[in-house]
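Trainee: what's the 3D shape of this:
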Amino acid sequence: MKKPEMVFGIHAVTSLFENAPERILEMWLLSGRQDERIQPLLALAESVGIKPQQANRKTLDDKAESTQHQGVVVRVRPAKILTENDLEDLLDKTDIPFLLILDGVTDPHNLGACLRNADAAGVHGVIVPKDNSAGLTPTVSKVACGAAETVPLYQVTNLARTMTQLQERGVWIVGTAGEADGTLYQANLRGPLAIAMGAEGKGLRRLSREHCDSLISIPMAGSVSSLNVSVATGVCLFEAVRQRQS
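Mentor: Next comes the predicted model:
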């Protein structure tokens, strides 16, 4: 059984209180902090019967293992790990699924930023391999600014097999590759869709690439040859949003 975890930062903690208050076990607040930004969070804590404990900055730094806690840290039960079976449930109840596949994104800052992009774009779920990928760490939750509690993250044992299962359910998988002939703006991103993004530098693994229905590239006009994976993910997701709303 996984031990309790720490989550920190105003947005991440607020999202926990709003979406999964049953996970929260304890809360610590920087001593003397009573400013306007913290008041809504204190009201949420009171509404579910959590009384913040006062703590100095050093204590909060130690609990969060970070100085980026913004004066608030909570101890929480680990989130339920979603798997292939949960993904099937999502597909059963979603008419036109809009999914994001992240292949080998191991940096928690990049995963957190991708979750934030996914939340903003209305993605129904993010799929990552169980191995060779970042999981839902406190850093991911902090960077995601609350999206880690609102966007389901599915950890699958065999990504290629999951991609095949998605295709069998009518989901079109579009992968990104710098050498692809077609570009993002030429692709049809309407209908049941999964956009597959690879790790920065390496891109999609060969097997993942082979399981895509089509490959696209993001046109690059300058001297830089590639984008950070979270930036590239945002570009692709919002082109899909534009097409799906038009």
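Trainee: show me the shaky parts of this protein.
Mentor: Residues of the chain meeting the criterion pLDDT under 70: 1-3, 225.
Trainee: got phi/psi on the residue of the chain most remote from its centre?
Mentor: Residue farthest from the centre of the chain, counting by C-alpha atoms, centre = their mean, is residue 32 at 32.8 Å. In this entry, residue 32 is assigned phi and psi values of phi 80, psi 0 (degrees, to the nearest 10).
Trainee: show me what contacts it?
Mentor: With contacts defined as C-beta atoms under 8 Å, 6 or more residues apart in numbering, the neighbours of residue 32 are residue 54. Placement of C-beta: from N, CA and C, glycine included.
Trainee: got it, and residue 27?
Mentor: Shown in contact with residue 27 (C-beta under 8 Å, 6+ apart): 13, 45, 50, 51, 52, 53, 72, 73, 74, 75.
Trainee: please apply the same query to residue 230.
Mentor: Shown in contact with residue 230 (C-beta under 8 Å, 6+ apart): 109, 110, 113, 114, 117.
Trainee: neighbours of the third one, how many?
Mentor: Other residues lying near residue 113 total 23 when counted by other C-beta atoms under 10 Å.
Trainee: and the nearest residue to it once chain neighbours are set aside, what helix or strand is that in?
Mentor: For residue 113, ignoring the flanking residues on the chain, the nearest one in space by C-beta to C-beta, 6 or more residues apart in numbering is residue 230 at 3.5 Å. In the assignment (DSSP states H and E), residue 230 maps to helix 229-245.
Trainee: can I get that helix in CSV, CA atoms only?
Mentor: C-alpha atoms of helix 229-245 as CSV (Å, rounded to 0.1, in the frame of the first residue of the first chain):
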residue,chain,number,x,y,z
VAL,A,229,7.0,18.6,-25.2
SER,A,230,4.6,20.6,-23.1
VAL,A,231,4.6,23.5,-25.5
ALA,A,232,4.2,21.2,-28.6
THR,A,233,1.4,19.4,-26.8
GLY,A,234,-0.4,22.7,-26.2
VAL,A,235,0.0,23.7,-29.9
CYS,A,236,-1.4,20.3,-31.1
LEU,A,237,-4.3,20.2,-28.6
PHE,A,238,-5.5,23.7,-29.3
GLU,A,239,-5.4,23.1,-33.1
ALA,A,240,-7.6,20.1,-32.4
VAL,A,241,-9.9,22.3,-30.3
ARG,A,242,-10.1,24.9,-33.1
GLN,A,243,-11.1,22.3,-35.6
ARG,A,244,-13.6,20.5,-33.4
GLN,A,245,-15.4,23.8,-32.6
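Trainee: tell me what the residue nearest to residue 182 when sequence neighbours are not counted is bridged to.
Mentor: Nearest residue to residue 182, sequence neighbours excluded (C-beta to C-beta, 6+ apart): residue 216, at 5.1 Å. Beta-bridge pairing of residue 216 under DSSP bridges involves residue 176, residue 182.
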